[in-house]
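# This is a predicted model, with the sequence first.
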Amino acid sequence: MANSISFGLKARKVFSVDGDESRSFALDLTDTGILGRWHEMEDWFTSADEKARDILNKAESENGIHDMSKGFHELDNEIKEKLNYLFDADVCTPVVGNGAIIRAVEGQPLFTVIISNLLPLYEKEIESENKKAQARIEKHTAKYTGKK
């Protein structure tokens, strides 16, 4: 058995998909690394919708349905990989299983719905942690800056 060491990290927060406890994933909402990962991939996610439209246009080619289904499958797998990397957790399997992450939900690609719902959770938690850190820093530097 390994020795345990505690760094005081918050436990990952568990979310169930549409209230179904058998479909859940856990996120570390204090992970500031998501800022860099989002910066790295934001443009790619924005262009993924255009890629999907281009794939739809392949339906009119000679190998139409074959090209379209192959293109959607490849794009879908790529989106799943990037979403899981972005959130540092497997969020896709609980949401869609083996289904498509590029399906439309209320007129929006599902992957954009996921991003739109999860990113604000990180923003709120990171902002809260930053305020705590700032207060701690100010407390320890007050004697040097003359602030109380």
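Perfect, I can see it now.
# Give the next helix or strand downstream of the one helix or strand N77 maps to.
Assessed by DSSP states H and E, N77 sits inside helix 64-86. Per DSSP H and E, the first helix or strand lying C-terminal to helix 64-86 is helix 92-96.
# what packs against whichever helix or strand comes after that following helix?
Downstream of helix 92-96, the first helix or strand assigned by DSSP H and E is strand 104-105. Packing contacts for strand 104-105, counted by 3 or more CB pairs under 8 Å, 6 or more residues apart in numbering; DSSP states H and E, involve no helix or strand. Placement of C-beta: from N, CA and C, glycine included.
# if we look at the helix holding N77, which residues are touching it?
With contacts defined as CB atoms under 8 Å, 6 or more residues apart in numbering, helix 64-86 is touched by 34, 37-38, 41, 44-45, 48, 51-52, 54-56, 58-59, 61, 90-92, 100-102, 111, 114-115.
# Filter these down to the buried ones.
34, 41, 45, 48, 51-52, 55, 58, 91-92, 100-102, 111, 114-115 (16 or more other CB atoms under 10 Å).
# and the residue lying closest to K124 once chain neighbours are set aside, what pLDDT?
Spatial nearest neighbour of K124, excluding adjacent residues (CB to CB, 6 or more residues apart in numbering): L29 at 7.8 Å. On pLDDT, L29 comes in at 92.
# Backbone dihedrals for L29, please?
Main-chain torsions, L29, degrees, to the nearest 10: phi -70, psi -10.
# longest helix anywhere in the chain?
Counting by DSSP state H, the longest helix found in the chain is helix 110-145.
# buried set for it?
Applying a neighbour-count criterion of 16+ other CB under 10 Å, one finds 110-115, 118, 122, 125-126 buried in helix 110-145.
# How many neighbouring residues does the residue nearest to K124 have?
L29 has 20 neighbours, counted by other CB atoms under 10 Å.
# Next one: it from T46, what distance?
Going from L29 to T46 by CB to CB, to the nearest Å gives 23 Å.
# Could you do D18 as well?
26 Å.
# okay, those two: which has more neighbours?
Of the pair D18 and T46, T46 is the one with more neighbours under other CB under 10 Å, namely 10 against 7.
# For the helix or strand harbouring the more buried one, which outside residues touch it?
Here T46, judged by DSSP H and E, is contained in helix 33-57. The contact list for helix 33-57 (CB under 8 Å, 6+ apart) reads 67-68, 71-72, 75, 78-79, 82, 85-88, 102, 109, 111-112, 115, 119, 122, 126.
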